[in-house]
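Undergrad: sequence and computational prediction follow.
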Amino acid sequence: MLGTVRLAGEEHRIRLDLRVRADRVLRPWATTRARTEGRLRIAGLADDPHTTGELEISPLARRRIRYRLSFTAGGRRLDLDGWKSVTPVRPVASMTVLPFTVYEEGARVGEGTLRFPLATGLVPFLASFRFPHAERPGQAGAAETAAAAAGAAGAGYATGSGQTAYDRHMAPRWDGTAGRTEVWYTTLTDPETGTGIWLHHELTAPADGSRAFAHGWVAAFPHDGPPRHARFGPVPWPEARTNSEPDTEPDTEPKSEPETRAEGGEAEAGTGIGFAAAGVLAAPGRLAGTADGFSWNLTEHPEAPPLFTFPRWSWRRPLLPAAQMLPTGRASYDGEFTHDGHTLALRDAHGASARIYGHGNARRWAWLHADLGNGDVLEIVAAVSTRPGLRALPPLVFLRLRQGDRTWPRRVERGAVGWMGPGRFRARIGLPTWTVSGRAGLRRIRVEVTQPPDRTLALDYRDPDGSPAVCRNSETADAEVLVERWRGRWRREAQWSLKGTAHAEVGDR
């Protein structure tokens, strides 16, 4: 809302942007109370991005919509109190004009009027309504999710049954079916040296029905030299470690963290711990192993709820050729990582672990994980399927931008398929630069990723059916991200520039 306010005998322009949250659906015939947070700006006096208060919505019962807000101006704590007097005689004006009074410690110090701009504000206002889904049994409550998004990593996003969502998503999904691949991978950046780290752990169940095997690699991307890597495996996957019910609710008893042998041979195998083979472990909260001059022993601290890059149902029910998700949208890492005789002492290194399950790799693909700071992350997968009929289509884009406790687009299918084709997000996959762009609702995004050749590592491997694939990965890539919002015209809402800290990959056959 826009308007004017008179303080100390002087008139100033004022702008108020609020986000309103209610614990129940608005009922016009009753009184609904809601919490508010947002930003209040008074020209030359105040710019408080932490304005908070409450809203009383009672258009029929009391014929008013009352605002009570607290904000800071010039070191003074002030209160704004006002209401819209709803009347059928002047319905539009009474719902869009807010006269208010400003108080300081109970004493009146100013007054003003705010108006809601219908021409430019009505469409964004209507598009901003959200109706949270009812929670299923076993899911974290809204308060737990909000606490997790604020950094309550110690809780592990408990599901209420003893096992956390993070633990469940790290557990193996393979049920013994031939022609499947399952991946645990972690990427992070050392804040002290700028070194990027990539840990890739993979289970492959060949399509011909032969025994499944485990393999993977570790790679370092030093800021002052070429990438280095080493492979581990292949070794047989322990037959006892299949999961015949990957989509069931978590067990009632928590799993204890396994011990691991990193001296070589096969790590201790147990159900539900993640990847444990070839002397390498990727389990909830722990990453450890050795491979040809590399060794690592890291603790992973989850700092955000899970992030589903593909539709959530595709992870619970593997109907697509493959699906990817992050057990925690953002994580920090502590521990030691050694390569070429040089040891990095990692402290609060940011990155994330991700999971893939499916039939194999896409025909072409691009991937990005960008830690945008302040808890915000961007995850992108753009891919062309190998399936007949699908491989002739342009890349499908799955994009998730998490800012605070909100993820955009609201539905991931929106970016991939649009409205039955029109309106989908678009990707131009290539090297050294690839791009993604698209619009959903009143926001649009453009992402440009650059993987310099001297900071990109090419690795080959095979799908369960034996077909080869090559990925070209850089854990020190650059990325430019621009988000704009429509307010009568496109206006910049947020922009990030990552130099050497983006994690990216392009693959093909």
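TA: Received it, and whenever you're ready, just let me know what you need.
Undergrad: so where's the stretch 51-200 of the chain shaky on pLDDT?
TA: The stretch 51-200 of the chain contains residues with pLDDT under 70 at 131-163.
Undergrad: can you rerun that using 90?
TA: For the stretch 51-200 of the chain, the stretches flagged by pLDDT under 90 are 55, 57-64, 73-76, 85-95, 105-107, 117-168, 175.
Undergrad: ranges for the helices of it?
TA: Using DSSP state H, counting those that start in this stretch, the helices found in the stretch 51-200 of the chain span residues 91-96, 118-127, 142-149, 165-170.
Undergrad: strands of the stretch 151-300 of the chain, residue ranges please.
TA: 180-189, 196-205, 213-221, 228-236, 275-277, 280-283, 286-291, 294-302 (DSSP state E, counting those that start in this stretch).
Undergrad: the first one pairs with which strands, and in what direction?
TA: With DSSP bridges as the criterion, the sheet partners recorded for strand 180-189 are strand 196-205 (antiparallel), strand 342-358 (antiparallel).
Undergrad: give me the buried positions along the shortest one.
TA: Across strand 196-205, burial judged by 16 or more other CB atoms under 10 Å covers 196-205. Just so you know, the C-beta spots here come from the backbone N, C-alpha and C atoms, and that holds for glycine as well.
Undergrad: same thing with stretch 315-330?
TA: Buried residues in stretch 315-330, counted by 16+ other CB under 10 Å: 315, 318, 320-330.
Undergrad: equivalent analysis for stretch 167-184, please.
TA: Residues of stretch 167-184 classed as buried by neighbour count (16+ other CB under 10 Å): 167-174, 179-184.
Undergrad: and stretch 55-73, by the same measure?
TA: By neighbour count on 16+ other CB under 10 Å, the buried set for stretch 55-73 is 55, 57-59, 64-71, 73.
Undergrad: alpha carbons only: can I get that stretch in CSV?
TA: The C-alpha coordinates for stretch 55-73 follow below in CSV (Å, rounded to 0.1, in the frame of the first residue of the first chain):
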residue,chain,number,x,y,z
LEU,A,55,-4.4,-8.2,11.3
GLU,A,56,-8.0,-8.5,12.3
ILE,A,57,-10.1,-9.5,9.3
SER,A,58,-13.8,-9.0,10.0
PRO,A,59,-15.5,-7.5,6.9
LEU,A,60,-19.0,-8.6,7.9
ALA,A,61,-19.1,-9.3,11.6
ARG,A,62,-17.5,-6.1,12.6
ARG,A,63,-17.3,-4.4,9.2
ARG,A,64,-13.6,-3.6,9.5
ILE,A,65,-10.1,-4.8,8.7
ARG,A,66,-7.8,-3.6,11.5
TYR,A,67,-4.0,-3.3,11.3
ARG,A,68,-1.7,-3.2,14.3
LEU,A,69,2.0,-2.9,13.4
SER,A,70,5.3,-2.2,15.1
PHE,A,71,8.2,-0.7,13.3
THR,A,72,11.5,1.2,13.9
ALA,A,73,12.1,4.8,12.6
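Undergrad: do you know how far residue 377 is from residue 418?
TA: 23 Å (CB to CB, to the nearest Å).
Undergrad: so which of those two has more stuff around it?
TA: Using other CB atoms under 10 Å, the more surrounded residue of residue 377 and residue 418 is residue 377, with 23 against 17.
Undergrad: so which strand or helix has that one?
TA: Taking DSSP states H and E as the criterion, residue 377 maps to strand 376-384.
Undergrad: what angle do that strand and strand 342-358 make?
TA: Strand 376-384 and strand 342-358 are oriented at 50 degrees to each other (axes from the mean of the first three to the mean of the last three CA atoms, to 10 degrees).
Undergrad: what helices or strands is strand 376-384 leaning on?
TA: strand 364-373, strand 396-403, strand 433-440 (3 or more CB pairs under 8 Å, 6 or more residues apart in numbering; DSSP states H and E).
Undergrad: in its sheet, what does it sit against?
TA: Next to strand 376-384 in the sheet, as set by DSSP bridges, lie strand 364-373 (antiparallel), strand 396-403 (antiparallel).
Undergrad: looking at those strands, which is nearest to residue 33?
TA: Closest to residue 33 of the strands paired with strand 376-384 is strand 396-403 (CB to CB; 26.1 Å).
Undergrad: quick one: mean pLDDT over the closest one.
TA: Averaged across strand 396-403, pLDDT comes to 95.
Undergrad: show residues contacting that strand.
TA: Strand 396-403 has contacts (CB atoms under 8 Å, 6 or more residues apart in numbering) with 304, 307-310, 324, 329, 376-385, 407-409, 412, 415-417, 424-427, 436, 438, 445, 483, 494.
Undergrad: using ChimeraX, make a named selection holding only the buried ones among those residues.
TA: To isolate the buried members of the contacts of strand 396-403 in ChimeraX, using 16+ other CB under 10 Å:
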select :304,307,308,309,310,324,329,376,377,378,379,380,381,382,383,384,385,407,408,409,412,415,416,424,425,427,436,438,445,483
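Undergrad: can you pull the buried residues of stretch 31-47?
TA: Within stretch 31-47, the residues that count as buried by 16+ other CB under 10 Å are 32, 34, 36, 38, 40-42, 45-46.
Undergrad: just stretch 488-505 next, same as before
TA: For stretch 488-505, the neighbour count (16+ other CB under 10 Å) marks 493, 496, 498, 500-505 as buried.
Undergrad: with respect to residue 77, which of the residues you listed is nearest?
TA: residue 493 (28.8 Å).
Undergrad: residues contacting the closest one?
TA: With contact set as CB under 8 Å, 6+ apart, residue 493 has these partners: 443, 483-485.
Undergrad: neighbours of residue 452, how many?
TA: Counted with other CB under 10 Å, the neighbours of residue 452 add up to 14.
Undergrad: please identify which helix or strand holds residue 427.
TA: Using DSSP H and E, residue 427 falls in strand 426-428.
Undergrad: ok, that strand: who's next to it in the sheet?
TA: Paired with strand 426-428 in the same sheet, following DSSP bridges, are strand 433-440 (antiparallel).
Undergrad: just checking, next helix/strand downstream of the partner strand?
TA: That would be, after strand 433-440 and using DSSP H and E, strand 443-450.
Undergrad: residues of that next one that come out buried?
TA: 443-445, 447, 449-450.
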